[in-house]
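In: Sequence first, predicted model second:
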Amino acid sequence: MTTEQHYDAVVIGAGQGGSPLAGALAGAGHKTAIIEREHVGGTCINEGCTPTKTMVASARVAYLDRRSADYGVQNGPVNVDMVEVRQRKRNIVETFRGGSEQRLEDAENLDLIRGEARFTGPKELEVRLDGGKTAQLTAENIFINVGARPGGVPVEGLDAVPTLDSTTVMELDEVPEHLLVLGGGYVGLEFAQMFRRFGSEVTVVQRGPQLLSREDADVAEAVAEILRQDGVEVLLETEAQSVRQDESGGIQLTVNGPDGEDTLSGSHLLVAAGRPPNTDLLNLEAAGVEMDKRGFVKVNERLETNVPGVYALGDVKGGPAFTHVSYNDYQVIEANLLNGGDATIAGRLVPYTVFMDPQLGRVGLSEAEAREQGRDFRVASMPMGHVARALEMDESRGMMKAVVDGGTGEILGCAILGIEGGEIMAMIQIAIMGKLPYTALRDGMFAHPTLAESLNSLFATVED
């Protein structure tokens, strides 16, 4: 690459949408560049899915170790070495990242450029390279895949005390004595349970009336009950007012809740609320690319911005911030640009799993959403305590819930809070994709004893 270079396509950001897109464009013969300012792999590999789920696995081992007597297995005290937990996480991240880097570097027609990009015109970029030099790039098509980052909350004194976010909390070398968590979304809950299992006292502060605001109230309450059973203190309808550091270095968090004002004492504070987009340094104004008031890039159903030839994919465009969404964004663009298709993101089914333990797998409409839409629907619901396999494994916490169309019987959505909930959810998702009526799962024959056969019992609870 020279300091002035023209490409057929430039991808800004080597995340889980940008990297495969760059590879596909290059593989189709397009001269392509992909620009990455930090780590190949994006949030997922480096600060999101891969490291967190690796640490969730370590926390689950600690949990099972402490519960060994429940299975008739006698064991001694559990000691968690956070340095070893952290190193295991780092090793897996480096392996995944290295593989992604190698694929990009080995691809023909593709330049991996290390640096930070900013627009200087609709199809023009200036890249400040890692070595200190600057390169000027032009391209027929530009794809924005710069993701988002942990955000803050407007709490008095927050800037004056040491805080953790979803990235830095995974770099701790000791188990916190008492972790305070601001935010009751899926990120906050995964870390709350994780560190409770590592041995921390944990308090979750949630401003809203329930955890996981997108879920039905009964599902959210079941999640809260599981966390309470694990020893996590859950404070609902509680708003952080101010925070300060005391003389010993501890955190004093003043909150206002149903019982009035209170001050919580903790050793560490994790802020797990909100993720603003990484658009502030892109100089999108120079390209004329429109953003919303929060800085997310506006796109249409084909992921095109208002500027012809400029696209956005992944977290930077707003909406659900999941890796599989980013990857599907890549698939939509590939289908349209390289295969002459007419793919869109309109109406796509977006599943997700909260990797607490047990998992919460979700897809499609919740009961509340179906009611808001005025749908004719019926509900299937069952506790995991009715699932033979869950009882045999002594993992029977949680519940299963599904919403079906009152007329066609097609499944509209489900929430599976239970052991391997994400995998059971995926089975129902496939049924939704195939437009199967719920009776197909109610009456189907599944192997015994598996978690899958719970679908017989779940959909038997739908009232005819």
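Out: Everything's here; your move.

In: Show me how the record splits the protein into domains.
Out: Per automatic domain parsing, the structural domains of the chain span 4-149+276-337, 158-271, 358-460.

In: Can you add mean neighbour count and give the ones you listed back as TSV?
Out: Yep, even glycine has a C-beta here, placed from its N, CA and C like the rest. Formatted as TSV, the domains of the chain follow (neighbours: other C-beta atoms under 10 Å):
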stretch	mean neighbour count
domain 4-149+276-337	19
domain 158-271	19
domain 358-460	19
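
In: between these, which one is nearest to I345?
Out: domain 4-149+276-337 (5.6 Å; C-beta to C-beta).

In: measure the nearest residue to V350 once chain neighbours are set aside to Q206 for me?
Out: Nearest residue to V350, sequence neighbours excluded (C-beta to C-beta, 6 or more residues apart in numbering): P320, at 5.4 Å. Separation of P320 from Q206 (C-beta to C-beta, to the nearest Å): 20 Å.

In: What of T120?
Out: Taken as C-beta to C-beta, the span from T120 to Q206 is 44 Å.

In: can you check N79 too?
Out: 31 Å.

In: rewinding a little: am I right that the residue nearest to V350 falls within a strand?
Out: No. With DSSP: H, G, I helix; E, B strand; the rest coil as the criterion, P320 is coil rather than part of a strand.

In: Mind pulling up the pLDDT for it?
Out: On pLDDT, P320 comes in at 92.

In: Make JSON lines out of the domains of the chain and add distance to A343.
Out: Shown next, in JSON lines, are those (distance: least, C-beta to C-beta, whole Å):
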{"stretch": "domain 4-149+276-337", "distance to A343": "4"}
{"stretch": "domain 158-271", "distance to A343": "26"}
{"stretch": "domain 358-460", "distance to A343": "15"}
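
In: what's the burial count for T461?
Out: A count of nearby residues for T461, using other C-beta atoms under 10 Å, gives 16.

In: That one is in contact with M382, isn't it?
Out: Yes. Contact criterion C-beta atoms under 8 Å: T461 and M382 qualify, at 5.6 Å.

In: And the strands in the stretch 301-450 of the chain, which stretches?
Out: Secondary structure of the stretch 301-450 of the chain (DSSP state E, counting those that start in this stretch): strands located at 310-312, 352-354, 359-364, 377-383, 399-405, 411-418.

In: Let me know which of those is the nearest to H268.
Out: Nearest of the strands of the stretch 301-450 of the chain (C-beta to C-beta): strand 352-354, 22.1 Å.

In: Return the list of strands paired to the closest one, each annotated with direction.
Out: Strand 352-354 pairs in its sheet with strand 359-364 (antiparallel), by DSSP bridges.

In: Compute the inter-axis angle for the partner strand and strand 399-405.
Out: 10 degrees (axes from the mean of the first three to the mean of the last three C-alpha atoms, to 10 degrees).

In: Show me the contact partners of strand 359-364.
Out: 212, 214-215, 219, 223, 349-354, 398, 403, 411-426, 428-429, 432 (C-beta atoms under 8 Å, 6 or more residues apart in numbering).

In: do stretch 50-65 as well
Out: Counting by C-beta under 8 Å, 6+ apart, 41, 44, 75, 78, 80, 85, 88-90, 92-93, 96, 166, 170, 190-191, 193-195, 197-199, 230, 355, 357 sit against stretch 50-65.

In: same deal with stretch 165-179?
Out: Against stretch 165-179 from outside (C-beta under 8 Å, 6+ apart): 47-48, 51-52, 55, 80, 82-83, 86, 89, 150, 164, 187, 191-192, 195, 198-203, 265-272.

In: Between the two ends of it, how far is it?
Out: 12 Å (C-alpha to C-alpha, to the nearest Å).

In: Show the average pLDDT along it.
Out: Here the average pLDDT along stretch 165-179 is 97.

In: Please apply the same query to stretch 280-291.
Out: 97.

In: quick thing: my sequence starts at 157, can you match it?
Out: Got it, the first residue is 157 from now on, which makes the last one we talked about stretch 436-447.

In: neighbouring contacts of it?
Out: Counting by C-beta under 8 Å, 6+ apart, 168, 272-280, 300, 302, 435, 451, 453-454, 461-463, 466 sit against stretch 436-447.

In: now, which of these lie within helices?
Out: With helices taken from DSSP state H, there is no overlap with these.

In: Next, check the contacts of stretch 206-221 against the helices and list the overlap.
Out: Reading helices off the contacts of stretch 206-221 with DSSP H, I get 200, 241, 244-246, 248-249, 252, 346-347, 349-351, 353-354.

In: S224 contacts N231, correct?
Out: Yes. If you go by C-beta under 8 Å, S224 and N231 touch, sitting 4.2 Å apart.

In: Export the helix or strand of the chain with the lowest mean pLDDT to CSV, keeping only CA atoms.
Out: Using mean pLDDT, DSSP states H and E, the weakest-scoring helix or strand in the chain turns out to be helix 198-202, at a mean of 94. Taking C-alpha atoms only, helix 198-202 is exported to CSV below (Å, rounded to 0.1, in the frame of the first residue of the first chain):
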residue,chain,number,x,y,z
GLY,A,198,-14.0,-6.7,17.0
THR,A,199,-15.9,-6.6,20.3
CYS,A,200,-17.0,-10.3,20.1
ILE,A,201,-13.6,-11.9,20.1
ASN,A,202,-11.7,-9.3,22.2
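
In: Give me the packing partners of it, helices and strands only.
Out: helix 238-262, helix 479-493 (3 or more C-beta pairs under 8 Å, 6 or more residues apart in numbering; DSSP states H and E).

In: let's see it at 7 Å
Out: helix 238-262 (3 or more C-beta pairs under 7 Å, 6 or more residues apart in numbering; DSSP states H and E).

In: List the contacts of the helix it packs on.
Out: The contact list for helix 238-262 (C-beta atoms under 7 Å, 6 or more residues apart in numbering) reads 170, 175, 178-179, 190, 195-197, 201-202, 206-207, 210-211, 214, 266, 268, 326-331, 354.

In: Phi, psi for the most centrally placed residue in the chain please.
Out: Nearest to the mean C-alpha position of the chain, by C-alpha atoms, centre = their mean, lies F478 at 4.6 Å. Dihedral pair for F478: phi -120, psi 150, per degrees, to the nearest 10.

In: and if you look at L409?
Out: phi -110, psi 120.
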